[in-house]
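Chemist: A predicted structure for the sequence below; I have some questions about it.
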Amino acid sequence: MALLGSHLRSLTPLQDMSFLAIDIGNTRLKWALYASPQPCAAVLAQGVVFLENIEQLAEREWSQLGAPHSILGCNVAGDAVRHRVEEQIFELWELAPVWVVSAPQGGGITNGYDHPGRLGADRFVAMVGARWHMLARGAVRPTLVIMIGTAVTVDALDEKGHFLGGLILPGHGIMLRALEAGTAGLRVPTGEVREFPTNTSDALTSGGTYAITGAIERMHRHLSQHSAQHCELPPITLMTGGAGWKVAPALDLAHEMVDSLIFDGMLVLQSHRLAL
């Protein structure tokens, strides 16, 4: 089912239509039940589980929830995990969720990927959420969208909502595991971020952090240079993801942490879908 909408529109309150949003990442499943499918809706319940525990959702986290009116999910963990979640949902409520598929346009975003459908659904949804946050601040400007998780993505939106392109790089854990696998003697505890590391633990932690922040700052520079020709205002930078707290203190850019960015994007998409 297409989740389209070339621009953000005025949203009419949708009463008595509870909405369950599901975000399946590479490591964890996050969910939130909202009073209605629209931005700023009240959160009725929320939670997070590791993927190895999702078979227990129907018996634990979701057992006391009433059947939602609609369900929208974002999944980057593959078909097997998606099927396991669908089984839990059907067992409880005999409902079938809709899953986000990246589209050429949707939620105010024009998808500039060479093959739009191959853009990760989480990146697409996060950009929709970021676009909504930017417009809610009142000044139309470019937006840098950062997700820090198992992998790191850094995506650039111009002031019109065109996705210009973005970066994908490994997160801290993948970097450390790669070094452990390829280099003898590097199985050491996590260290601290230092300007001049003087032990292996700090050197590894600092190196990974600076690799991520360096990529973010480079993309911010690219977006600022591009935007200088088209927009008077500089980009805003929005960050989300479970490991964002590790990176944020070392990032030499003004930025804002928005934990709900993917859920905010799903609320926008679902409100557009129901309005079609």
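Modeler: Sure thing, it's come through. As the structure is a computational prediction, the values presented were derived from the model and not from experiment.
Chemist: packing partners of the biggest helix by length in the chain?
Modeler: Taking DSSP state H as the criterion, the chain has its longest helix at helix 200-227. Contact here means 3 or more C-beta pairs under 8 Å, 6 or more residues apart in numbering; DSSP states H and E; on that basis helix 200-227 packs against strand 143-148, strand 151-157, strand 163-170, helix 172-182, helix 244-247. The C-beta positions use only the backbone N, C-alpha and C, and glycine is treated the same way.
Chemist: can you give me the angle the longest one makes with strand 151-157?
Modeler: With axes from the mean of the first three to the mean of the last three C-alpha atoms, to 10 degrees as the criterion, the two stretches helix 172-182 and strand 151-157 enclose an angle of 130 degrees.
Chemist: what does helix 172-182 contact?
Modeler: Helix 172-182 has contacts (C-beta atoms under 8 Å, 6 or more residues apart in numbering) with 150-151, 170, 186-187, 190, 204-205, 207-209, 211-212, 243, 246.
Chemist: got the buried residues for the longest helix of the chain?
Modeler: 202-209, 212-213, 215-217, 219-220, 222-223, 227 (16 or more other C-beta atoms under 10 Å).
Chemist: and among the helices and strands packed on helix 200-227, the most buried is which?
Modeler: Greatest average neighbour count among these goes to strand 143-148 (a mean of 27), per mean count of other C-beta atoms under 10 Å.
Chemist: what about dumping the CA coordinates of that one to CSV?
Modeler: Output in CSV follows, covering the C-alpha atoms of strand 143-148 (Å, rounded to 0.1, in the frame of the first residue of the first chain):
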residue,chain,number,x,y,z
THR,A,143,17.9,19.5,7.5
LEU,A,144,20.6,17.0,8.3
VAL,A,145,19.1,13.7,9.7
ILE,A,146,21.4,11.5,11.7
MET,A,147,20.6,8.0,13.1
ILE,A,148,23.1,6.4,15.5
